[in-house]
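**Q** any chance you could fold what I've pasted below:
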Amino acid sequence: MEDTELLKKYNDIYLEIIMRYKEHIEEKESLYVAELPKLITPGEDGVANAAKGITDSFPLYRYEESFPEASSKAYDYIKERITPIALPIQFWQRPSDTLKHEAGDVFDRAVLLCSLLIALGAASSKVIIRIRDNDRIFLVYTEYNGRIIAIDMEKGMKEYGSRDALLESLGIVKGADVTAYEFNDKTYSDIA
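**A** Residues are numbered from 1 along each chain as shown. Next comes the predicted model:
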C-alpha cells in the first residue's frame, strides 16, 4: 500500500473518532470569551523566536521606525507559513501550537498575529471579532503614531485615521445588530 493511501485511511479513521466525540471534545475545550486573553502569548518561545526572526531581518530594529514594515512582515510570515484550515470541531490552539503545526483556522492565525505584533513592541495590538448572523470577521489592529494599522487575515492590511473609523468600517456602530469584542494578552472588552 502506498504511503498516501495509508495516510488517507488514517485520516479517515481519525476524523470518524473526532466526530464521534465532538461534543465531549468541545465541552472540554470550552473557553469563556472573557478568558480569550490567555490565548495571546507574546512571551512564548515559538512566538518570541518568530518575532526575533522578523527583527533580525532589519539592520537595526527600532520600534518607532521599523514597526510598520515589521507588521507587514509578520502578516506575510503567517500567510506564507501557516496553512489555513477549518476543523470540524471548535478547538482552541495556542500560538505555539499554530506555529508547531504550521496550520490553523482564521481565529488561530489572528491570535498568532496579535501575539507576534505585541512581541514586536506593539503592546496596544488587539484582536477584534465581529459576529453578525453567521458571518464572523477576525481582525488584528494596533495603534501606531496616531493612526490604526488593521490586518484582516483574509483581506490584508489597511490603515485608518482612528479606532472609531475602523469600527465603523466593520459595521460596529451604535444600534447595529452585531456582537463584537476585542482582546489582547492584558484586556478583554465587549464593543457592541
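**Q** Ile149: what secondary structure?
**A** Secondary structure, DSSP: H, G, I helix; E, B strand; the rest coil: Ile149 is strand.
**Q** just checking, next helix/strand downstream of the worst-scoring helix or strand of the chain on mean pLDDT?
**A** Counting by mean pLDDT, DSSP states H and E, the chain has its least confident helix or strand at helix 22-28, which shows a mean of 69. The helix or strand immediately downstream of helix 22-28 is helix 45-55, counting by DSSP states H and E.
**Q** packing partners for that following helix?
**A** If you count contacts as 3 or more CB pairs under 8 Å, 6 or more residues apart in numbering; DSSP states H and E, helix 45-55 packs onto helix 63-81, helix 95-101, helix 106-119. Yep, even glycine has a C-beta here, placed from its N, CA and C like the rest.
**Q** closest one to Asp3 among those?
**A** helix 95-101 (19.7 Å; CB to CB).
**Q** residues contacting the closest one, please?
**A** Contact with helix 95-101 is made by 39-41, 44-47, 50, 82, 93, 104, 108-109, 111-112, 115-116, as judged by CB atoms under 8 Å, 6 or more residues apart in numbering.
**Q** could you do stretch 169-178 as well?
**A** So stretch 169-178 is contacted by 128, 130-132, 137, 139, 160, 167, 180, 191-192 (CB under 8 Å, 6+ apart).
**Q** need the helices and strands packed on helix 45-55 in CSV (columns: mean pLDDT and distance to Val173).
**A** Output for the helices and strands packed on helix 45-55, formatted as CSV (pLDDT from 0 to 100; distance: least, CB to CB, whole Å):
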stretch, mean pLDDT, distance to Val173
helix 63-81, 97, 26
helix 95-101, 95, 31
helix 106-119, 97, 22
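**Q** ranking those by burial, who's on top?
**A** helix 106-119 (a mean of 26; mean count of other CB atoms under 10 Å).
**Q** run the chain-centre distance for that one.
**A** Between the centre of helix 106-119 and the centre of its host chain there is 4 Å, according to CA atoms, centre = their mean, to the nearest Å.
**Q** kindly export it (C-alpha atoms) in CSV.
**A** Provided in CSV are the C-alpha atoms of helix 106-119 (Å, rounded to 0.1, in the frame of the first residue of the first chain):
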residue,chain,number,x,y,z
VAL,A,106,-8.6,32.2,10.8
PHE,A,107,-9.0,32.7,14.6
ASP,A,108,-5.8,30.8,15.3
ARG,A,109,-3.9,32.9,12.8
ALA,A,110,-5.3,36.2,14.2
VAL,A,111,-4.3,35.2,17.7
LEU,A,112,-0.8,34.3,16.5
LEU,A,113,-0.5,37.6,14.6
CYS,A,114,-1.6,39.6,17.6
SER,A,115,0.9,37.8,19.8
LEU,A,116,3.7,38.5,17.2
LEU,A,117,2.8,42.2,17.0
ILE,A,118,3.0,42.5,20.8
ALA,A,119,6.3,40.7,20.7
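**Q** nothing else from me, thank you.
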